[in-house]
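A.B. asks: below are the sequence and a predicted model; questions follow.
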4 protein chains.
Amino acid sequence: MSEIDLVTDTAWLSADLLETVRAQMPIVYVEAIPVRVDALGNVTRIGLLLRVGADGSIGRLVVSGRVKFGERIRDSLMRHCEKDLGPLALPRIPVNPAPFTVAEYFPSPEVSGFHDPRQHAVSLAYVVPVDGECEPTQEALDLSWFTPAEAISPAVMGQMTGGQDRLLRLALAHVGQLA
Amino acid sequence: MSEIDLVTDTAWLSADLLETVRAQMPIVYVEAIPVRVDALGNVTRIGLLLRVGADGSIGRLVVSGRVKFGERIRDSLMRHCEKDLGPLALPRIPVNPAPFTVAEYFPSPEVSGFHDPRQHAVSLAYVVPVDGECEPTQEALDLSWFTPAEAISPAVMGQMTGGQDRLLRLALAHVGQLA
Amino acid sequence: MSEIDLVTDTAWLSADLLETVRAQMPIVYVEAIPVRVDALGNVTRIGLLLRVGADGSIGRLVVSGRVKFGERIRDSLMRHCEKDLGPLALPRIPVNPAPFTVAEYFPSPEVSGFHDPRQHAVSLAYVVPVDGECEPTQEALDLSWFTPAEAISPAVMGQMTGGQDRLLRLALAHVGQLA
Amino acid sequence: MSEIDLVTDTAWLSADLLETVRAQMPIVYVEAIPVRVDALGNVTRIGLLLRVGADGSIGRLVVSGRVKFGERIRDSLMRHCEKDLGPLALPRIPVNPAPFTVAEYFPSPEVSGFHDPRQHAVSLAYVVPVDGECEPTQEALDLSWFTPAEAISPAVMGQMTGGQDRLLRLALAHVGQLA
């Protein structure tokens, strides 16, 4: 999950309080797996961001971020897609408000297979087709598009941490593209 | 459900055999509820076709039709959307192959609440956002766009038969727009 | 939504901090619509709790409550079902972790149609078949089972507030039982 | 997919007509992945049947069969579960009528990844928890229960044909159990 929101959200929640809350409450997140689709709705490419993590290692990850107080899920998905993919990405937010899965990130890696050392995050995950021009923004070094077969290859999966490799497999299954 | 496919499909299945089969096998259908969405994925309008039924009455209905032998569900959805909404409708076929519901139409109205005097149809139903210009084609007299509130009004619902009023309510619930 | 968790949860989050957090962060909730099903999975009854609200009025509501820090969604669903339905209810927690819808409760009634004056709650909603003996516990006065037709009658819907009448309709649509 | 229904269904559709229809129409199927669940709804075991195929090879497969004329999906799921798992299996047919995925089987293996040399089958797939005693019936040699990890091992997956290995992965993803 992204640290970017920690920076951009300080205006609305003090860093101190955030730390206190994170130690005592689950935090609501959204995650978007950006995809390219053909005219028939088949997923042809999955977009993954490249970032330098807190430990200096480079990793690939999907769009993610916190839901703000007073913010609709749809608005939050749009905000984080624009934050990570740029203002011209034209994300197609799904019509169905239900996520395809809920990823439960815990400080301990053993609980659920999803792991976030900072917090307990309850993350609503969506597959989001994007039609427009995407460019990595803010802290991302790169945005690359992979075919479903490439995305689940060890080379790519090996760069995903915290269980996002698993989230990606669940997303591909949801769209019927898990070989 | 539409009679149009009966006409256009005679090339690939003789009318005689179709009648025989319809009396003995469930037939696979797809149904698409065409919608307009805003930038956040909220459904703002539902498209309903106006047609003269077999008994001369006028009714409103959604896009529907049979799945052909050898045809993928996605291709069938696209074919029927183009057939009913015109070639410029630009339907967005969903990425998830699972329908939001399965409508089971039976010759007897009591079995399921979905009724088709001609056949037992197992219909996979999808909500399909359309971005382009739509125009009624073939046998349809008109295509009208209704807000969710208008669509579930007695005036509109009263023009839908065979359980399609119910299908429309299920679709609105699926997109979180059932008041 | 229930006030009960406010009492039972004070051990793990001080009331003061809870108030502070509630004014600045969305809170993760689960909601369960308890149902009786027949052997074929058809929903035959919906269970609704009867409670005295903060303003002294009597209302009907579904099972709901907060997700604790470190708690899995499944565990939270089970805990709240046992809290509201008693220890012998034998709830069948769904195998799919994705909720059938997400109800977004806001302090302002206009935002989403779901309203909670205390907080912004992001509520993951599930239909939960229960096989065992249920009895209202804690603050509930009663637990009644309604047929789908009774549940959406004005007499019952009129006793539901905050948008839970709408949540119930979405649940009935999800199980194909919205007439 | 099973050949058993070919035998048991001859009463309601002549073998000749079935062959004719199979060459010209998609056939409606249901498939059930039988699972054992713990009290929290976690899938702990997947049940797979062992059968001798038409070519003499031994394969593992899930519960499947045709939907009859006039038969509800729920009834068909129940009938095929009883046929393959025995009368004491106590299958829990899901409350939601929508399948978790649609498997499209084609005579040609290249079309969709799902393959049935006999026919084009549109198969509605469900995960079905079973509580009772299961015993293989009719043509099945055995029924074995595998953990999710065992089920996706090459040893087990290698015994599944026609794309049912893929269907099993999609089912495990649906229940959040795909590692």
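C.D. replies: Everything's here; your move.

A.B. asks: residue ranges for the helices of chain A, please.
C.D. replies: Assigned by DSSP state H, the helices in chain A fall at A:4-8, A:15-22, A:73-85, A:148-151, A:154-157, A:164-174.

A.B. asks: any part of the last one near chain C?
C.D. replies: No - against chain C, helix A:164-174 shows no contacts by Cβ under 8 Å from any Cβ of the partner chain, the least distance being 9.2 Å. Yep, even glycine has a C-beta here, placed from its N, CA and C like the rest.

A.B. asks: ok, residues contacting that helix?
C.D. replies: Applying Cβ atoms under 8 Å, 6 or more residues apart in numbering or on different chains, the external contacts of helix A:164-174 come out as A:31, A:33, A:43, A:46, A:60-62, A:100-101, A:103, A:113-114, A:125, A:127, A:148, A:151-152, A:157, A:160, A:178, B:95-96, D:169-170, D:173-174, D:176, D:178-179.

A.B. asks: nearest to B:Ser144, out of the helices of chain A?
C.D. replies: helix A:73-85 (26.2 Å; Cβ to Cβ).

A.B. asks: and that closest one, average pLDDT?
C.D. replies: Average pLDDT, helix A:73-85: 96.

A.B. asks: list the buried residues of that helix.
C.D. replies: A:73-74, A:76-85 (16 or more other Cβ atoms under 10 Å in any protein chain shown).

A.B. asks: quick revisit: now the helices of chain A in CSV, with distance to C:Pro107?
C.D. replies: Below are those laid out as CSV (distance: least, Cβ to Cβ, whole Å):
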stretch, distance to C:Pro107
helix A:4-8, 22
helix A:15-22, 18
helix A:73-85, 16
helix A:148-151, 41
helix A:154-157, 42
helix A:164-174, 32
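
A.B. asks: got the residues of chain A near chain C?
C.D. replies: Residues of chain A lying near chain C (Cβ under 8 Å from any Cβ): A:12-13, A:17, A:20-21, A:23-28, A:67-73, A:97-102, A:104, A:106, A:111-112, A:120, A:122, A:124.

A.B. asks: which of these fall within strands?
C.D. replies: Among the residues of chain A next to chain C, the ones falling in strands (DSSP state E) are A:27-28, A:101-102, A:104, A:106, A:122, A:124.

A.B. asks: just name the most buried of the helices of chain A.
C.D. replies: Most buried of the helices of chain A by mean neighbour count (mean count of other Cβ atoms under 10 Å in any protein chain shown) is helix A:164-174; its value is a mean of 24.

A.B. asks: quick check: angle from that helix to helix D:164-174?
C.D. replies: 120 degrees (axes from the mean of the first three to the mean of the last three Cα atoms, to 10 degrees).

A.B. asks: average pLDDT for helix A:164-174?
C.D. replies: Mean pLDDT, helix A:164-174: 96.

A.B. asks: what is the orientation angle of it with strand D:101-106?
C.D. replies: Counting by the same axes, to 10 degrees, helix A:164-174 points 60 degrees away from the direction of strand D:101-106.

A.B. asks: output helix A:164-174 as PDB, nothing but the C-alphas.
C.D. replies: This file holds the C-alpha atoms of helix A:164-174, laid out as PDB (Å, rounded to 0.1, in the frame of the first residue of the first chain):
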ATOM      1  CA  GLN A 164      -0.700  -7.800  -3.600                       C
ATOM      2  CA  ASP A 165       0.400 -10.700  -5.800                       C
ATOM      3  CA  ARG A 166      -2.500 -12.600  -4.400                       C
ATOM      4  CA  LEU A 167      -4.900  -9.700  -4.900                       C
ATOM      5  CA  LEU A 168      -3.800  -9.600  -8.500                       C
ATOM      6  CA  ARG A 169      -4.600 -13.300  -8.900                       C
ATOM      7  CA  LEU A 170      -8.000 -12.800  -7.300                       C
ATOM      8  CA  ALA A 171      -8.700  -9.900  -9.700                       C
ATOM      9  CA  LEU A 172      -7.700 -12.000 -12.700                       C
ATOM     10  CA  ALA A 173     -10.000 -14.800 -11.500                       C
ATOM     11  CA  HIS A 174     -12.800 -12.300 -11.100                       C
END
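
A.B. asks: pretty sure A:Leu61 sits against A:Val52.
C.D. replies: No - using Cβ atoms under 8 Å, A:Leu61 is not in contact with A:Val52, being 11.2 Å away.

A.B. asks: nearest to D:Gly56 among the ones in strands among the residues of chain A next to chain C?
C.D. replies: The nearest one, if we look at these relative to D:Gly56 and count by Cβ to Cβ, is A:Thr101, at 40.4 Å.

A.B. asks: what is the burial count for that closest one?
C.D. replies: By other Cβ atoms under 10 Å in any protein chain shown, 24 other residues sit near A:Thr101.

A.B. asks: quick one: contacts for it?
C.D. replies: A:125, A:167, A:170-171, A:174, C:97-98, D:176.

A.B. asks: change it to 10 Å
C.D. replies: By Cβ atoms under 10 Å, 6 or more residues apart in numbering or on different chains, the contact list for A:Thr101 reads A:31, A:123-126, A:166-167, A:170-171, A:173-174, C:96-98, D:173-176.

A.B. asks: over to A:Ala140?
C.D. replies: A:2, A:4, A:48-52, A:61, A:63, A:83-86.

A.B. asks: flag the shaky bits of chain A, pLDDT-wise.
C.D. replies: Flagging of chain A using pLDDT under 70 yields the residue ranges A:1-13, A:54.

A.B. asks: for chain D, what are the nearby residues on it?
C.D. replies: Chain A comes close to chain D at residues A:100-104, A:112-113, A:163, A:165-166, A:169-179, as judged by Cβ under 10 Å from any Cβ of the partner chain.

A.B. asks: on that earlier part again, redo the contacts of A:Ala140 as JSON lines? Include distance to C:Gln138.
C.D. replies: Below are these laid out as JSON lines (distance: Cβ to Cβ, whole Å):
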{"residue": "A:Ser2", "distance to C:Gln138": "40"}
{"residue": "A:Ile4", "distance to C:Gln138": "42"}
{"residue": "A:Leu48", "distance to C:Gln138": "47"}
{"residue": "A:Leu49", "distance to C:Gln138": "46"}
{"residue": "A:Leu50", "distance to C:Gln138": "51"}
{"residue": "A:Arg51", "distance to C:Gln138": "46"}
{"residue": "A:Val52", "distance to C:Gln138": "50"}
{"residue": "A:Leu61", "distance to C:Gln138": "42"}
{"residue": "A:Val63", "distance to C:Gln138": "41"}
{"residue": "A:Lys83", "distance to C:Gln138": "43"}
{"residue": "A:Asp84", "distance to C:Gln138": "44"}
{"residue": "A:Leu85", "distance to C:Gln138": "47"}
{"residue": "A:Gly86", "distance to C:Gln138": "50"}
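
A.B. asks: what's stretch A:152-162 in contact with?
C.D. replies: A:1, A:46, A:48, A:50, A:53, A:55, A:57-62, A:64, A:103, A:105, A:109, A:113-117, A:121, A:144, A:146-147, A:149-151, A:164-169, A:172, A:177-179.

A.B. asks: rerun at 6 Å
C.D. replies: A:59-60, A:115-116, A:146, A:165 (Cβ atoms under 6 Å, 6 or more residues apart in numbering or on different chains).

A.B. asks: next, format those as TSV and append distance to A:Asp38.
C.D. replies: Output for those, formatted as TSV (distance: Cβ to Cβ, whole Å):
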residue	distance to A:Asp38
A:Gly59	29
A:Arg60	23
A:His115	34
A:Asp116	34
A:Phe146	16
A:Asp165	25
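
A.B. asks: and the residues you listed, which two are the farthest apart?
C.D. replies: Longest span within the contacts of stretch A:152-162, Cβ to Cβ: A:Asp116 and A:Phe146, 23.5 Å.

A.B. asks: neighbour-wise, which of these two wins?
C.D. replies: More crowded of A:Asp116 and A:Phe146, by other Cβ under 10 Å: A:Asp116, with 22 against 17.
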